[in-house]
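no sequence on hand, only this structure:
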Ligand SMILES: NC(=O)C1=CN([C@@H]2O[C@H](COP(=O)(O)OP(=O)(O)OC[C@H]3O[C@@H](n4cnc5c(N)ncnc54)[C@H](O)[C@@H]3O)[C@@H](O)[C@H]2O)[C@H](O)CC1
Ligand SMILES: [K+]
């Protein structure tokens, strides 16, 4: 996926924020279809967090009871995640940091946008604490791309990791999800098919007229 991202950006001129907007809008719709309110989005500082923060904007725009809990203070954010955060802050969406904020919110749905395929070692710090807290909550959990704490390529869980009810993975299904036992959907983030072809990846667009396909049924057939 890193190589696909690189080619999409460098050779096809697709920006990270464009791909992230597709991810976030897909995620917001996915959450609306399943998640009762209040919705709490857990967000980290990478592309995964940026997708979750973007979804929070779409949910807030539809007057849903949505708030955000970060795994660091806002001034620790940078790049696309920071950009997404600034918009939410301007909108007046509630953003806090740490486990106490999560506990206070009494979430009915938790959106897991802490870490995606950028996991580096066992989940540590506040992200690890948030994931451990989520596992003790009786909430619907929707993970973006891969459950935080899971190695996207192998499915290994080297430390604390999220046990989601649903996963919305992006662009291509991550190999580490092949054995996952939950609803699995694939979200379109509009990567040009030519990107896959230029990397000799056999690809035919799976989305037809939709922007999301349910992979669970495919794996059951
Ligand atoms: N083409 C695509 O598939 C796109 C995917 N998108 C999303 O972007 C992420 C990958 O983004 P990246 O910035 O490379 O990394 P992550 O956000 O997954 O992770 C960085 C994030 O995680 C924290 N972190 C990493 N390891 C640990 C650890 N061991 N303990 C605690 N915290 C950890 C780090 O601090 C950062 O906060 C992909 O999964 C998709 O969700 C793009 O949005 C669009 C294109
Ligand atoms: K995640």
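That came through, no problem. Note that the coordinates shown come from a computational prediction; the quantities given were computed from them, not determined experimentally. Numbers count the residues shown, from 1 in each chain. Ligands and ions are numbered 1, 2, ... in the order given.

from here on, just use CA atoms for contacts and neighbour counts.
OK.

may I see the buried residues of the longest helix belonging to the chain?
In the chain, taking DSSP state H as the definition, the longest helix is helix 16-34. Within helix 16-34, the residues that count as buried by 16 or more other Cα atoms under 10 Å are 17, 19-28, 30-31.

can I get these in CSV with pLDDT and distance to residue 11?
Formatted as CSV, the buried residues of helix 16-34 follow (pLDDT from 0 to 100; distance: Cα to Cα, whole Å):
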residue, pLDDT, distance to residue 11
17, 96, 16
19, 96, 15
20, 97, 18
21, 98, 20
22, 98, 19
23, 98, 20
24, 98, 23
25, 98, 24
26, 97, 25
27, 98, 26
28, 98, 29
30, 95, 30
31, 96, 33
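
near ligand 1, which residues of the protein?
1, 5, 16, 19-20, 44-49, 51, 115-125, 127, 144-145, 170-171 (Cα under 6 Å from any ligand atom).

for stretch 95-105, buried residues please.
Neighbour-count burial for stretch 95-105 [16+ other Cα under 10 Å]: 95, 96, 97, 98, 99, 101, 102.

and residue 60, what is it in contact with?
Contact analysis of residue 60 by Cα atoms under 8 Å, 6 or more residues apart in numbering lists 66, 93.

wasn't it part of a strand?
No. Checked against DSSP: H, G, I helix; E, B strand; the rest coil, residue 60 lies outside a strand; its state is helix.

so for it, what pLDDT did the model give?
pLDDT, residue 60: 98.

same thing with residue 71?
For residue 71, the model assigns a pLDDT of 98.

got phi/psi on the most centrally placed residue in the chain?
Nearest to the geometric centre of the chain sits residue 144, at 2.4 Å (Cα atoms, centre = their mean). Main-chain dihedrals, residue 144, degrees, to the nearest 10: phi -90, psi 130.

my read is that it contacts residue 110, right?
No. In this structure residue 144 lies outside contact range of residue 110 using Cα atoms under 8 Å: 10.9 Å.

where does residue 142 land in three-state SS?
Quick answer, by three-state DSSP: residue 142 is strand.

what about it, how many residues close to it?
Using other Cα atoms under 10 Å, residue 142 is surrounded by 28 other residues.

so what's the residue lying closest to residue 64 once chain neighbours are set aside scoring on pLDDT?
In this structure, residue 64 finds its nearest non-sequential neighbour in residue 37, 7.2 Å apart by Cα to Cα, 6 or more residues apart in numbering. Predicted confidence (pLDDT) for residue 37: 96.

which residues does residue 37 contact?
Applying Cα under 8 Å, 6+ apart, the residues near residue 37 are 64, 65, 66, 107, 108, 109.

try it again with 7 Å
Taking Cα atoms under 7 Å, 6 or more residues apart in numbering as the contact definition, residue 37 lies against 65, 108, 109.

the last one touches residue 35, doesn't it?
Spelled out, it's residue 109. Yes. Using Cα atoms under 7 Å, residue 109 is in contact with residue 35, at 5.3 Å.
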